[in-house]
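In: Return atomic coordinates for the entry below.
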Amino acid sequence: MHEIKKKTREEILNEKTMRERNITCNRIEEMRIDYEDAVRNKRWDKELECYVNREGEPIVHQKEIVYNDILALIPLSGEFYSEREKDKNYEKNLKKLVRDVMTEKIRRR
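Out: Numbering: from 1, shown residues only. Coordinates of the predicted model:
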């Protein structure tokens, strides 16, 4: 039997293309825009002790987001489309996972 070698984090990050890097930057930019909007409109959640977007989801300043953590989550193009074909909720679940990783510091408080 063949043993399946698990990729290291460094190997995963090294195989990412400009597509995945651009998607990562776009997700961080979306969070930045939501954060600035929340600050401007004073949408502070006392219970979570953070700003929230219009949907009530927690958001953070972009300096608190770890780029490589997000990049590691973004699948390669082939993997994304094959998974999306199998699971109609894959894209929505992936976006939620990315948002959860970006706001991880809030949940650790």
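In: For the rest of this, base every contact and every neighbour count on C-alpha atoms.
Out: Noted.
In: Tell me where this protein has strands.
Out: 44-45, 50-52, 58-59 (DSSP state E).
In: How about the contacts made by Ile28?
Out: Counting by C-alpha atoms under 8 Å, 6 or more residues apart in numbering, Ile28 touches 62, 65.
In: actually Asp45, not the one I typed
Out: Listed by C-alpha under 8 Å, 6+ apart, the contact set of Asp45 reads 51-52.
In: Is it bridged to anything, and to what?
Out: Judged by DSSP bridges, the bridge partners of Asp45 are Cys50.
In: quick one on the thing from earlier: looking at the strands of the chain, which is closest to Glu91?
Out: Closest approach to Glu91 among the strands of the chain (C-alpha to C-alpha): strand 58-59, 19.8 Å.
In: avg pLDDT for that closest one?
Out: Regarding strand 58-59, the rounded mean pLDDT is 94.
In: Check which helices and strands it sits against.
Out: helix 18-40, strand 50-52 (3 or more C-alpha pairs under 8 Å, 6 or more residues apart in numbering; DSSP states H and E).
In: So which of those is nearest Ser82?
Out: Nearest of the helices and strands packed on strand 58-59 (C-alpha to C-alpha): helix 18-40, 15.8 Å.
In: List the buried residues of the closest one.
Out: 20-21, 24, 27-28, 31-32, 34-38 (16 or more other C-alpha atoms under 10 Å).
In: Please apply the same query to stretch 73-82.
Out: For stretch 73-82, using 16+ other C-alpha under 10 Å, the buried residues are 73-75.
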